[in-house]
Structure formats: structure tokens, C-alpha cells
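In: heads up, no residue letters with this:
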Ligand SMILES: [Fe+2]
């Protein structure tokens, strides 16, 4: 059965949530769900008659609170998945580079892509890669908190660039209305690392970002370290 795939958007933090499923077995996976859109996501899962196997976090987000725990309360045997390098007490699976997750006839493979944070993971499913905040469309994640490192991110993105050029890139955010890209486009046109930019120049560019802290960081990070458990009952 072909892969069911649906990008979903949360406009306040410009976050993409991705729903993937095998329509024959009804097994589903959700990547980076957001607390404020959890009712929308639950309604879609119920409408389609899907059962949630895995709730995947690409990393501990700083700009929004996850709905992992509330979703798990609804879909009780779903497993919360997050990179093993993260400081978290709530995950069912601490996933490592090369580990796989199956739903129906489909497989997701984890790739460790630290740099934006120390625990960032990307996930490959067929011709798609979910890059979290490691590789963004024409940009990349900031590296100035949560163990971030521009040097490490350079290596991680270069590793993503070894995927086939035709691989579709689905990031955790886009602030300019774009939905997806491809590895080829980002290798050539990414404004931070595309066109063969050297590591020293990439590090200079990342460290020159000078962004203000996300407004919710002091609430979001502690909440996400417990998979959004603090918002249960809201
Ligand atoms: Fe992030």
C-alpha cells in the first residue's frame, strides 16, 4: 500500500507536523506535533481511522510545546521517540543513529544530525527526509542554545547531502510559506551552506545570525523535556 503522507502547519510558531501512515494496516506516525493543534491532529487521525504507533520528536523544541504526552493519552500504546542524546525522562524510545521504526510496510531510519541542538535527529522515510531544525529550506537552524554547535551542524548537513538529490526535504519550520525542498536544491541554493560553502564560512554565517531568543523558550524547553506532560488537562 502506498504511503499516506500529510504535512500539517501550526501558524504561531510556523511549525510543520507530519502525519505518515500505512492505510492498509492503519498504523500511523506523527512527527513534531504541537500542543495548540492537537485537537486538529486527533480529529484527522480519528477521521481516517488511523492508530498512532509512534510520536516522533526531531529535537527538544524551544519555540512551542509538544503534544506528545496528550497524544499518548489518547492513543495509549503509541511510543514517544526522541534522540538518545536528549535530556528527557518521558520518551519510550531513545533512538540512535541507524535505528529504524516500522509502520505497516514502511520504514523510518534515524540519522543523528546534531548542531542546532545536541540531540537533533533527522528521519528518512522512502524519498523523504524530515530534517527538524538541522536543515531548513534555504537556511539552517540556529546553534546558540541547547548544546548547539555550528561546527557540528556543518558535518550533520553534509551528511544529509549524501542522500539522493531527489530526496524531498521536509523541515520542522518554514517562515516564508514554503512546504518542502529537495536535497539537490539545498546543496546548490541553501544560503548558509549551499554551493560548496566551506566550514569556516558556514560557522561564521551561523554565528552571525544574532537572533533574539524564542519568546517561549523558558516555558517550552522544560515542558518538552517531559514531552508536554505539564499541559495535560488543559
Ligand atoms: Fe528547534
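Out: That came in fine, so what should we check first? What you see is a predicted model; the values in this text were computed from it and never measured. Numbering: from 1, shown residues only.
In: what ranges do the helices span in the protein?
Out: 38-47, 68-74, 150-160, 183-189, 199-207, 217-225 (DSSP state H).
In: what bits of this structure have low per-residue confidence?
Out: Counting by pLDDT under 70, the chain shows low-confidence ranges at 1, 230-234.
In: how far away is the residue lying farthest from the centre of the chain from residue 144?
Out: Checked against the mean C-alpha position of the chain, the extreme residue using C-alpha atoms, centre = their mean is residue 200, at a distance of 26.2 Å. The spacing between residue 200 and residue 144, counted by C-beta to C-beta, to the nearest Å, is 18 Å. For the C-beta atoms, the positions are set from N, CA and C on the backbone; glycine is no exception.
In: same thing with residue 55?
Out: According to C-beta to C-beta, residue 55 and residue 144 sit 27 Å apart.
In: The two: which has the busier surroundings?
Out: Between residue 55 and residue 144, counted using other C-beta atoms under 10 Å, the more crowded position is residue 55 (29 against 15).
In: OK, contacts around the more buried one?
Out: If a contact means C-beta atoms under 8 Å, 6 or more residues apart in numbering, then residue 55 has 29, 30, 33, 68, 71, 72, 78, 79, 80, 81 as its contacts.
In: May I see the buried residues of stretch 8-22?
Out: Neighbour-count burial for stretch 8-22, counted by 16 or more other C-beta atoms under 10 Å, picks out 8, 9, 10, 13, 15, 16, 17, 18, 19, 20, 21, 22.
In: An error on my part: the question was meant for stretch 107-120.
Out: By neighbour count, with 16+ other C-beta under 10 Å as the criterion, the buried positions of stretch 107-120 are 108, 110, 111, 112, 113, 114, 115, 116, 117, 118, 119, 120.
In: So what sits opposite the closest residue to residue 171 other than its chain neighbours in the bridge?
Out: Beyond its immediate neighbours in the sequence, the residue positioned closest to residue 171 (C-beta to C-beta, 6 or more residues apart in numbering) is residue 136, lying 4.7 Å away. For residue 136, the residues forming beta bridges with it (DSSP bridges) are residue 139.
In: Distance of the residue nearest to residue 153 when sequence neighbours are not counted relative to residue 85?
Out: For residue 153, ignoring the flanking residues on the chain, the nearest one in space by C-beta to C-beta, 6+ apart is residue 115 at 2.4 Å. From residue 115 over to residue 85 the distance is 12 Å, taken as C-beta to C-beta.
In: and if you look at residue 27?
Out: Looking at residue 27 against residue 85, where the rule is C-beta to C-beta, the gap reads 27 Å.
In: Then residue 100?
Out: Using C-beta to C-beta, which is the criterion applied here, residue 100 is 18 Å from residue 85.
In: same thing with residue 218?
Out: The separation that residue 218 has from residue 85, given C-beta to C-beta, amounts to 22 Å.
In: Compare neighbour counts for those two and give me the winner.
Out: Comparing residue 218 with residue 85 by other C-beta under 10 Å, the one with more neighbours is residue 85, at 19 against 11.
In: isn't that one right up against residue 113?
Out: No: with the criterion set as C-beta atoms under 8 Å, residue 85 and residue 113 do not qualify as a contacting pair; they are 10.8 Å apart.
In: Please name the residues that touch the closest residue in space to residue 61 that isn't next to it in sequence.
Out: Counting by C-beta to C-beta, 6+ apart, residue 224 is the residue found nearest to residue 61 once chain neighbours are left out, at 5.4 Å. Contacts for residue 224 were tallied using C-beta under 8 Å, 6+ apart; they are 57, 60, 61, 62, 65, 66, 88.
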